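[1] heads up, no residue letters with this:
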């Protein structure tokens with residue numbers, strides 16, 4: 001059997017799990033993080049089989065008073081997973097299963113939809129301002145906080161963060177572990193760029209420090225996603241995380 005690396009949800013440790021060939025499906029298949037059976041997919045934040053997925057769902061939706069009849073260290077595997085519900089649920093949590101993952105996915109989807117609509121409105125407004133400015137109309141001279149609208153556009157263009165580079169070694173294979181490291185490093189770099197960019201936004205530096213911190217804490221996810229959208233707009237079926245880290249639908 002070969003091996004693959006995976007990051008367990010709710011944990012910062014990267015573990016190595018075996019990947020075996022399924023006797024039914026043929027291709028390499030992830031194993032259930034709870035009992036070691038062949039997994040049916042990524043459920044509640046980790047790879048699990050249908051049995052452990054259903055067990056966890058029932059356990060977190062209703063009231064459970066599971067009590068281990070032994071020492072709370074029962075072996076949970078494919079053949080003994082039904083013998084102790086208390087230890088099975090404990091192992092679900094230890095594997096990284098999170099009860100609110102479906103809710104988080106729904107919330108993220110709604111957030112992305114709102115962000116996309118807002119992005120379209122901003123682009124439309126900027127195009128209209130550029131059109132007005134090119135024709136020299138009075139609308140281009142509207143003042144926002146003492147700065148002309150066209151002036152704000154130039155300020156924002158000058159404040160645009162530098163291009164992101166992940167600096168991945170040529171020919172380095174992309175495993176789950178290496179991808180998590182790349183994404184973490186990219187997010188760290190982009191957070192530094194976001195702070196520098198925010199300081200150049202007209203009026204931001206005049207705000208009180210607690211307000212600045214709250215604004216950054218409440219908007220950094222949207223800014224990161226907007227950056228990803230902006231870099232990927234010109235390429236179809238492609239996500240441009242950095243100039244040297246591009247994923248196409250075919251690769252996925």
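    All right, it came through fine. If you're wondering where the values come from, they're calculated on a predicted model, not measured in any experiment. Residues are numbered from 1 along each chain as shown.
[2] Contacts for stretch 190-198, please.
    159-162, 164, 204, 212, 215-216, 220, 223-224, 227 (C-beta atoms under 8 Å, 6 or more residues apart in numbering). C-betas here are computed from N, CA, C, even on glycine.
[3] cutoff 10 Å now
    Stretch 190-198 has contacts (C-beta atoms under 10 Å, 6 or more residues apart in numbering) with 156, 159-164, 204-205, 207, 212, 215-216, 219-220, 223-224, 227-228, 241-242.
[4] which of the residues you listed count as buried?
    164, 212, 220, 223, 227-228, 241-242 (16 or more other C-beta atoms under 10 Å).
[5] Identify those among the contacts of stretch 190-198 that sit within helices.
    Among those, DSSP state H puts 156, 212, 215-216, 219-220, 223-224, 227-228 in helices.
[6] Quick check: the two most widely separated of these?
    212 and 228 (23.7 Å; C-beta to C-beta).
[7] ok, how many other residues are close to residue 231?
    Neighbour count for residue 231, taken as other C-beta atoms under 10 Å: 18.
[8] State the distance from it to residue 171.
    24 Å (C-beta to C-beta, to the nearest Å).
[9] next one: residue 241
    Relative to residue 171, residue 241 is positioned 19 Å away (C-beta to C-beta).
[10] do the same with residue 93
    Here residue 93 is placed at a distance of 39 Å from residue 171 (C-beta to C-beta).
[11] Those two: which is more packed in?
    The neighbour comparison of residue 93 against residue 171 (other C-beta under 10 Å) goes to residue 93, with 15 against 5.
[12] what sits against that one?
    10, 34, 56, 59-60, 99.
[13] Strands along the chain, start to end?
    2-7, 14-21, 28-29, 41-43, 46-48, 143-144, 147-148, 238-242, 245-248 (DSSP state E).
[14] what pLDDT does the residue lying closest to residue 70 once chain neighbours are set aside get?
    Nearest residue to residue 70 in three dimensions, chain neighbours excluded: residue 84, at 7.1 Å (C-beta to C-beta, 6 or more residues apart in numbering). Predicted confidence (pLDDT) for residue 84: 94.
[15] Over to residue 212?
    82.
[16] Quick one: residues contacting it.
    Shown in contact with residue 212 (C-beta under 10 Å, 6+ apart): 195, 198-199, 204-206.
[17] In CSV: the residues you listed, plus pLDDT and distance to residue 188.
    Formatted as CSV, the contacts of residue 212 follow (pLDDT from 0 to 100; distance: C-beta to C-beta, whole Å):
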residue, pLDDT, distance to residue 188
195, 81, 11
198, 83, 16
199, 84, 18
204, 82, 21
205, 84, 23
206, 85, 28
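[18] farthest pair in the residues you listed?
    Taking C-beta to C-beta as the measure, those span a maximum distance of 16.3 Å, between 195 and 206.
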